[in-house]
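*Asks:* how does the following fold in three dimensions:
(one chain, ligands or ions: 2)
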Amino acid sequence: DQPGSTEARATPDPGFTRIANQAALPAQFSLPLKFPPVLRPTRTDGTTDYYTVTAREANLTILPGMSTRVFSYEGSFPGPTIEARSGRRVVVTTTNQLPVPTVTHLHGGHTPAESDGYATDLILPVGGWPVAPAHRGHSGHGAVMAGAVTQGTRDYVYPNQQRAATLWYHDHRMDFTGPQVWRGLAGFYIVRDGVDDALPLPDGDRELPLMIMDRSFDANGQFTYPSADPTLHQPGLTVNPNGVQGDVILVNGVPWPFHEVKQAKYRLRLLNASNARRYRVSLSPDPSGGGEPFTQIGSDGGLLAAPQPMSSIYMVPGERFDVIVDFSKYAAGTKVVMTNSLGDGSTKQVMQFRVTGPASDSSQIPAQLSTVERLDPARAVRTRTFNLLSTRRDGKEVHVINDRMFSTDHIMADPRLGTIEIWEFRSSTHHPVHVHLNPFQVIGRGGGLEPEDAGWKDTVRLTPNNTVRVVMRFDDYAGKYMLHCHNLEHEDMAMMANFQVS
Ligand code: C2O
Ligand code: CU
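*Replies:* Ligands and ions are numbered 1, 2, ... in the order given. Here you go, the predicted structure:
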């Protein structure tokens, strides 16, 4: 076996949704929600905030009384939150003290190619890495790695020439993104601007970033992660074409937490950071009851033009939804549960809000939130089609785009700077499709647009036997970027492609 294909794997797990050690799991809604620390810049100047981030292993308490070995940023899971200002540069000096290579992608970032976290632009461990960077990876698909590899440390430069929005950063190592994110390499990155700041929306401790993900644990409290490809090692494992799903729901790294809220409006920045799990979340004081109304104000790419009433939100991996929940309509003592109607058993519940009592609340949801420029599809210079196919070939699970497995040297699309294009995604199965570099607008979907399609997006849900059309503009940055399925196991099995902007 090649060292490069085995080192990032946790204890093999024979199943995908089992509770490995039920007794050790906390009761749902028994642990308080936590928030990742906000990272402080090491220095700032007139144009730039400088941060240092070390990726390293850490032992953290996730299940009460147990210690879980995680891959962390700065010893924290989720990683620390980076607060950025639109138009102000952020430089993150990242050091890799993990035992494996890593590369960080800022998801939703409008980022020059050299800092975008291309899948082979690896930071090798400071402690050294014995394997030549060219290898046949995890998926065994034979893509040759030829990235901008650095030893130990490098800078990521984010211009933040973009609207206020909830972004997130995570590992993007070719063939190993699934296991490395599962082990903990994900954090929030929030861009703020004057438009958002000027609105009378809830803020301060009434603005809650909520990173939702599923995990599974073994009897010792360690994350379990099955191999995506049984031909490489664990005989007897079945390949699940839906990716890896766990039976424990974590919010900001806490299993099924509760959070105390006042009778006031709150802004929830929801992120589905799961490897493969889809959720339809709703809120109810009665867990078996229907969804209570709430208001969506933002999407992946920041504020919507106008608030949108919702009673549930369907979130695929990678998507963000900014919503306002008004807890003033509930009596003190009410427990409002966030449920997931796409879950089963333990994954039907996400978290609980406990309404404590009155509070003054001057926040409002303005009828006009922001100006969302409409990209005109009639101005598109061309339409490209991407067919995402999951199938079995020769007994192996295969996930391809336009019948190709990812390779670093094949360019599938070559948009020109200054143009608008329509991209059309098709599949017979479920895939969350993510395009790097530019946000897009969803303009068509078989069966009609869904509420979750509103606003600027960078990740879109593709449902079986459907076609989704998006329009995007290639403004400024040239270079090679990725588009891929954000089901991380599909991504690792090579459901990814390059586009080259010039
Ligand atoms: Cu969130 Cu290319 O990834
Ligand atoms: Cu997929």
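
*Asks:* CA atoms of the helix or strand bottoming out on mean pLDDT in the chain as CSV?
*Replies:* None of the helices or strands of the chain scores lower by mean pLDDT, DSSP states H and E than strand 396-401, at a mean of 90. Listed next in CSV are the C-alpha coordinates belonging to strand 396-401 (Å, rounded to 0.1, in the frame of the first residue of the first chain):
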residue,chain,number,x,y,z
LYS,A,396,-16.2,0.3,-8.4
GLU,A,397,-18.1,3.4,-7.5
VAL,A,398,-17.5,6.0,-10.1
HIS,A,399,-18.3,9.7,-9.8
VAL,A,400,-17.6,11.8,-12.9
ILE,A,401,-18.4,15.1,-14.6
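
*Asks:* pull out the buried residues from it.
*Replies:* 397-401 (16 or more other CB atoms under 10 Å). Every C-beta, even on glycine, is put in place using the N, C-alpha and C of the backbone.

*Asks:* reformat the residues you listed as TSV; add distance to Ile82.
*Replies:* Listed next are those as TSV, based on distance: CB to CB, whole Å:
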residue	distance to Ile82
Glu397	35
Val398	37
His399	31
Val400	34
Ile401	31
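
*Asks:* near ligand 2, which residues of the stretch 401-502 of the chain?
*Replies:* 431, 485, 487, 490 (CB under 5 Å from the ion).

*Asks:* switch to 6 Å and redo it
*Replies:* 431, 485, 487, 490, 495 (CB under 6 Å from the ion).

*Asks:* just to revisit the earlier point, ok, residues contacting the least confident helix or strand of the chain?
*Replies:* The set of residues external to strand 396-401 that reach it, using CB atoms under 8 Å, 6 or more residues apart in numbering, is 228-229, 231, 239, 241, 386-392, 405, 412, 483-485, 490, 493-497.

*Asks:* which among those are in contact with ligand 1?
*Replies:* Filtering these for neighbours of ligand 1 using CB under 6 Å from any ligand atom leaves His484.

*Asks:* follow-up on the earlier one: closest to ligand 2 among the buried residues of strand 396-401?
*Replies:* When these are ranked by distance to ligand 2 (CB to the ion), His399 comes first, at 6.1 Å.

*Asks:* before we move on, what SS does the residue of the stretch 201-350 of the chain found nearest ligand 2 have?
*Replies:* Of all residues in the stretch 201-350 of the chain, Gly243 sits closest to ligand 2, at 7.4 Å by CB to the ion. Assigned by DSSP: H, G, I helix; E, B strand; the rest coil, the conformation of Gly243 is coil.

*Asks:* what score does it have for pLDDT?
*Replies:* What the model reports as pLDDT for Gly243 is 88.

*Asks:* tally of neighbours for the residue lying closest to it once chain neighbours are set aside?
*Replies:* Nearest residue to Gly243, sequence neighbours excluded (CB to CB, 6 or more residues apart in numbering): Ala276, at 2.8 Å. Neighbour count for Ala276, taken as other CB atoms under 10 Å: 25.

*Asks:* mind starting the numbering at 43 from now?
*Replies:* Got it, first residue is 43 now, which makes that one Ala318.

*Asks:* for Ala318, what are its contacts?
*Replies:* Ala318 touches 284-287, 359, 529-532, counting by CB under 8 Å, 6+ apart.

*Asks:* dihedrals phi and psi, it?
*Replies:* Phi and psi for Ala318, reported as degrees, to the nearest 10, are phi -150, psi -10.

*Asks:* sorry, back to before: please spell out the ChimeraX selection for the buried subset of the contacts of strand 438-443.
*Replies:* Selection of buried members from the contacts of strand 438-443 for ChimeraX, criterion 16+ other CB under 10 Å:
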select :270,271,281,283,428,430,431,432,447,454,525,526,527,532,535,536,537,538,539
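
*Asks:* what does this protein put close to ligand 2?
*Replies:* Checking the chain against ligand 2 by CB under 6 Å from the ion, the hits are 473, 527, 529, 532, 537.

*Asks:* any residue of the least confident helix or strand of the chain touching ligand 1?
*Replies:* No: Strand 438-443 is not in contact with ligand 1 by CB under 6 Å from any ligand atom; minimum separation 13.2 Å.

*Asks:* quick check: the residue of the stretch 243-392 of the chain nearest ligand 1.
*Replies:* Ligand 1 sits closest to Gly360 of the stretch 243-392 of the chain, with a gap of 5.0 Å, by CB to the nearest ligand atom.

*Asks:* what's the answer for the stretch 393-542 of the chain, then?
*Replies:* Counting by CB to the nearest ligand atom, the stretch 393-542 of the chain gets nearest ligand 1 through His476, at 5.1 Å.

*Asks:* now do the contacts for that residue.
*Replies:* His476 neighbours (CB under 8 Å, 6+ apart): 149, 360, 500-501, 525-528.

*Asks:* do Leu241 as well
*Replies:* 345, 408, 411.

*Asks:* how close does Ser404 sit to Pro221?
*Replies:* 46 Å (CB to CB, to the nearest Å).

*Asks:* so for those two, which sits in the more crowded spot?
*Replies:* More neighbours surround Pro221 than the other of Ser404 and Pro221, with 28 against 8 (other CB under 10 Å).

*Asks:* what does the model give that one for pLDDT?
*Replies:* 93.

*Asks:* ok, Asp328 next?
*Replies:* 75.

*Asks:* could you measure from it over to Thr376?
*Replies:* For Asp328 relative to Thr376 (CB to CB), the value is 10 Å.

*Asks:* same question for Pro106.
*Replies:* From Pro106 to Thr376 the distance is 26 Å (CB to CB).

*Asks:* out of those two, which sits in the more crowded spot?
*Replies:* Neighbour count, other CB under 10 Å: between Pro106 and Thr376, Thr376 has more, with 16 against 13.

*Asks:* burial measure for Thr413, as a count.
*Replies:* Neighbours of Thr413 using other CB under 10 Å come to 9.

*Asks:* can you give me the helices in this protein?
*Replies:* 219-224, 236-240, 530-534 (DSSP state H).

*Asks:* by contact count, what packs against the longest one?
*Replies:* The contact analysis (3 or more CB pairs under 8 Å, 6 or more residues apart in numbering; DSSP states H and E) places helix 219-224 against strand 207-213, helix 530-534.

*Asks:* kindly report the same for the second one.
*Replies:* Helix 236-240 makes packing contacts with strand 344-352 when contacts are defined by 3+ CB pairs under 8 Å, 6+ apart.

*Asks:* just the CA trace of the strand it packs on, in PDB.
*Replies:* As requested, the backbone C-alpha atoms of strand 344-352 are provided in PDB (Å, rounded to 0.1, in the frame of the first residue of the first chain):
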ATOM      1  CA  GLY A 344     -24.900  37.700   1.300                       C
ATOM      2  CA  LEU A 345     -28.100  39.600   1.700                       C
ATOM      3  CA  LEU A 346     -31.100  39.000  -0.500                       C
ATOM      4  CA  ALA A 347     -32.800  41.900  -2.100                       C
ATOM      5  CA  ALA A 348     -35.900  41.400   0.100                       C
ATOM      6  CA  PRO A 349     -36.700  39.200   3.100                       C
ATOM      7  CA  GLN A 350     -38.300  35.900   2.200                       C
ATOM      8  CA  PRO A 351     -40.700  34.100   4.600                       C
ATOM      9  CA  MET A 352     -39.900  30.400   5.000                       C
END
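
*Asks:* what lines up beside that strand in the sheet?
*Replies:* In the sheet, strand 344-352 lines up against strand 336-341 (antiparallel) (DSSP bridges).

*Asks:* buried members of the contacts of Leu241 into ChimeraX, please.
*Replies:* Buried subset of those, written as a ChimeraX selection, criterion 16+ other CB under 10 Å:
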select :345,411
